[in-house]
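**Q** What follows is a predicted protein model with its sequence.
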Amino acid sequence: MPIRIKILIILLLTTIPPALFLRVNSMQSMNQLAENVESRTETILLNNISMLLLRVAEGQAHLLKREGQLINTVLSILANDASITLSSSPQSAKKSTILPMYEMESPKGMADRGGACMSSSSPKTKDNFKLLLPSLEKFADLYPELILWQRVRLLDSSQLFFPTKKAEHSEDQCLFGEPPLPAIAGETSWSPPLHDPLFKRSIFTATQNIYSKDTKIGSVTIAVPVHTLLRSPGNLSKFSPNVTSYLVDATAEGDELIIFAVRTPKDQGGRWFSSPEDNLALDKKTLSQISGDVVLGKAGLLSAIVDDESLLIAYAPLKIGGATLLITVPRIDIVNDASEETDIIRAIFSKQMDTSHLLLSGTLLLLGIVAIILSISLSKSIYKLVHAVRAVSAGDFSVRIRNVGQDEIGELGKAINEMVPTLEENVHLKSSLQLASVVQQSLLPKQAPTPASFDIAGASYYCAETGGDYYDFIACASGSASQLTMAVGDVVGHGIPAALLMATARAYLRSSANNDFTLSEVTRKTNELVVCDTYGSGQFMTLFLASLDTLKNTFTWTRAGHDAAIVYRGSESRFIEFKGIGSTALGVKYDARYTENTEQLFPEDIIVIATDGIWEARSPEGVMFGKKLMETIIRDNASLSAEKLIEKLHTSALNFTKLSSLEDDFTCLVIKFRKKS
């Protein structure tokens, strides 16, 4: 059978079954992905909307508390004005007469709001009431939406009623009504939501007593429209058009909800209507939980089934009139977006499947052509091998086999190429490695800085001639004598590739540090340069870049994928980590951002910044050296110098592994804050 036919059969057998398997598996995976996306999206949406719902309820309760404080202030001013004005008013038991609003001399703007009404048997009281009108009108002008009407009522049943606006559905503009709720001296008494018969809407009333020489002579009352205090649910409307709000209270036993007012999506103008037609059909457990929280004045959030519809329910106390705001949102309105996202994913996947079907058909057509081309290429490669072997047999050791592919024939060609110059290559490689090791060692600091009150040292131990670990002490552009900048890095892997990347990153880091940048900026700019070199190679480098302020005794750092610094706080005999907020390693992504972290240092602090070559070292039994053993060694040898402490860590790791060198590079930088004498 010709070789091209053999290749074609092999390609078909090795390509078609995996392609079909991948197609079927992709369909199952994408369906599962769509379901997972829908489930996760629903969960995220429900969590976000639930917290927003609770914040809306609590926010409206907080807003009402502030506006309630404003009403309390207005009442205090009015009570004081009334006390001064009415303190000389005589109390009479004669039959009261009503002075209609059109019989009064209306101050400016009073005609627009319908005038004022008073009822009194005392001419002096009527005159004093007229003196109070400017105060009432002032607050009506200041807060036309917040105050519906104001009323002054004396113990002799004399009354002054002042509406802020004209009543829309009543010929009578006067509303004297029943006596207000009793109020404590100096405090405001708020009523539950009430139905106002004159203005046909739900209101709160706030009452404060009027005193003359410590003797109660009456009270002043302000009516506040419920819909003015309680705003619409705000941002919730963009998630659901079916937000319903209630004003509720609970019985003293906490087993039943009393609904004062309700606002449904059908209500116009945001009005609140008392006497709601329907109650919330909650189950006994949910009703008991909400009622109990209402009695205790607690806010809450839960889900419940009402009339076969799943609702999210949030509630918060209003601190006024004993009422609680309760908001409901249908769950289905929130999760609709998740279903739409799932449909979009499935549509995209279906389109991709159709495209892959066409690609598979085209691939099968190309396989025959590829088989023929490969057979011709294979024959040429075999002829090249024969020619090279004959040349070597004739004594030509300079021959090299080129362009014979990457398969077994290519491997055979490589073996022949490596056989002839093996000795020469070994000698050259040994010389190159020695030179690379000398060059890399020259890149490491010759000595550590010696600031007052600090003992600093660093060292790198490579498992081969060259490695990817790195530490450095960097002179920055700021030039501050109290600022010491240092770095510890670890390139993935070891050997020459890691050493080359280490040297490149070192140059980039020093170049960036020569500008007056912060640590985070230096790290970011270094990362951008490293990404350009490592893109697509899979190489990256972790970095711990730090700055020590020897005057303020502070330690500032950024972490690019590197492990946190181990800190032994000798003054407290405990270990902590300088972890802070880290980010991705250098060379992973171009737009990475890095955060600076700062900690205060204390005398006897020992900071150890190391690479993973020590704690990932293993004993012959496979047990890891670990950070706990490192901490024990640091604590037991805290009195050693920084240089000796690094040597102690290295020798302890070698004894633990029972090897002459560690299996990975190990770099360590130690900063000791000397104890003050």
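**A** Ah, there it is. Remember, it's a predicted structure, so these values are computed and weren't measured experimentally. Numbers count the residues shown, from 1 in each chain.
**Q** separation between the nearest residue to Gly493 once chain neighbours are set aside and Gly538?
**A** Excluding the flanking residues, the one nearest Gly493 by C-beta to C-beta, 6 or more residues apart in numbering is Gly468, at 6.1 Å. No exception for glycine: its C-beta is placed from N, CA and C like everyone else's. Going from Gly468 to Gly538 by C-beta to C-beta, to the nearest Å gives 13 Å.
**Q** Settle it for me: which of those two has more neighbours?
**A** When Gly468 is set against Gly538 and neighbours are counted by other C-beta atoms under 10 Å, the residue ahead is Gly468, at 31 against 9.
**Q** Mind pulling up the pLDDT for Glu253?
**A** pLDDT, Glu253: 66.
**Q** make that Pro90, sorry
**A** pLDDT, Pro90: 46.
**Q** cool, the one 10 residues further on as well?
**A** Among the per-residue scores, Pro100 shows a pLDDT of 40.
**Q** The chain should start at 13 in everything you say after this.
**A** Shifting the count to begin at 13 puts that one at Pro112.
**Q** hang on, the earlier thing: tell me, what's touching Gly480 and Gly550 both at once?
**A** Val504 (C-beta atoms under 8 Å, 6 or more residues apart in numbering).
**Q** returning to what we had before: I'd say the residue nearest to Gly505 and Leu513 touch.
**A** Yes: Gly480 is in contact with Leu513 according to C-beta atoms under 8 Å; the separation is 6.6 Å.
**Q** Give me the common contacts of those two.
**A** With C-beta under 8 Å, 6+ apart as the test, Gly480 and Leu513 both reach Val503, Met553.
**Q** Would you map the helices across this structure?
**A** Remark: helices assigned in the chain by DSSP state H are 15-98, 122-125, 135-154, 238-241, 248-251, 296-308, 343-405, 420-431, 434-455, 508-525, 531-546, 638-648, 654-669.
**Q** lowest-confidence stretch among these?
**A** Lowest mean pLDDT of these: helix 122-125, a mean of 54.
**Q** how many other residues sit next to Asn649?
**A** Neighbour tally, Asn649, other C-beta under 10 Å: 16.
**Q** show me where pLDDT drops low in the stretch 563-689 of the chain?
**A** Applying pLDDT under 70 to the stretch 563-689 of the chain picks out residues 688-689.
**Q** Now do Ala517 against Glu533, distance only.
**A** Noted for Ala517: a distance of 16 Å to Glu533, by C-beta to C-beta.
**Q** Which of the two has more residues huddled nearby?
**A** A direct count of neighbours by other C-beta under 10 Å for Ala517 and Glu533 places Ala517 higher, at 26 against 16.
**Q** What residues does the residue of the chain positioned farthest from its centre make contact with?
**A** Most distant from the centre of the chain: Ala406, at 73.6 Å, with distances by C-alpha atoms, centre = their mean. Under the criterion of C-beta under 8 Å, 6+ apart, the contact list for Ala406 is empty.
**Q** That one and His399, how far apart?
**A** 11 Å.
**Q** Asp419 now?
**A** Taken as C-beta to C-beta, the span from Asp419 to His399 is 19 Å.
**Q** Over to Glu643?
**A** 65 Å.
**Q** Test my guess that Thr240 contacts Leu158.
**A** Yes: the pair Thr240 / Leu158 is scored as a contact, 5.6 Å apart, by C-beta under 8 Å.
**Q** Counting neighbours, which bits of stretch 164-182 end up buried?
**A** Residues of stretch 164-182 classed as buried: Val164, Arg165, Leu166, Asp168, Ser170, Gln171, Leu172, Phe173, Phe174, Pro175, Thr176, Ala179 (neighbour count, 16 or more other C-beta atoms under 10 Å).
**Q** nearest to Cys680, of those residues?
**A** Nearest to Cys680 among those, counting by C-beta to C-beta, is Thr176 at 77.6 Å.
**Q** Find the nearest non-adjacent residue to that closest one, please.
**A** Using C-beta to C-beta, 6+ apart and skipping residues adjacent in sequence, the residue nearest Thr176 is Ala152, 4.4 Å away.
**Q** which residues does the one you found contact?
**A** Ala152 neighbours (C-beta under 8 Å, 6+ apart): Arg125, Ile159, Gln162, Phe174, Thr176.
**Q** ok, so of the residues you listed, who is nearest Asn429?
**A** Distance to Asn429 across the contacts of Ala152 (C-beta to C-beta) is lowest for Ile159, with 97.8 Å.
**Q** Can you tell me how far the residue nearest to the closest one when sequence neighbours are not counted is from Gly80?
**A** Spatial nearest neighbour of Ile159, chain neighbours left out: Thr176 (5.3 Å); criterion: C-beta to C-beta, 6+ apart. With distances taken as C-beta to C-beta, Thr176 is found 18 Å from Gly80.
**Q** With neighbour numbers in mind, choose between Glu643 and His399.
**A** Counted by other C-beta under 10 Å, Glu643 and His399 do not tie: Glu643 has more neighbours, with 15 against 12.
**Q** In contact with the more buried one, which residues?
**A** Each residue near Glu643 by C-beta under 8 Å, 6+ apart is listed here: Ile578, Tyr580, Phe587.
**Q** which ones among those residues are found in strands?
**A** Within these, residues falling in strands by DSSP state E are Ile578, Tyr580, Phe587.
**Q** how near is the last one to Leu269?
**A** To tie it back to what came earlier, the one meant is Phe587. Applying C-beta to C-beta, the value for Phe587 to Leu269 is 55 Å.
**Q** cool, and Ala128?
**A** 39 Å.
**Q** quick one, which of those two is more surrounded?
**A** Using other C-beta under 10 Å, the more surrounded residue of Ala128 and Leu269 is Ala128, with 26 against 20.
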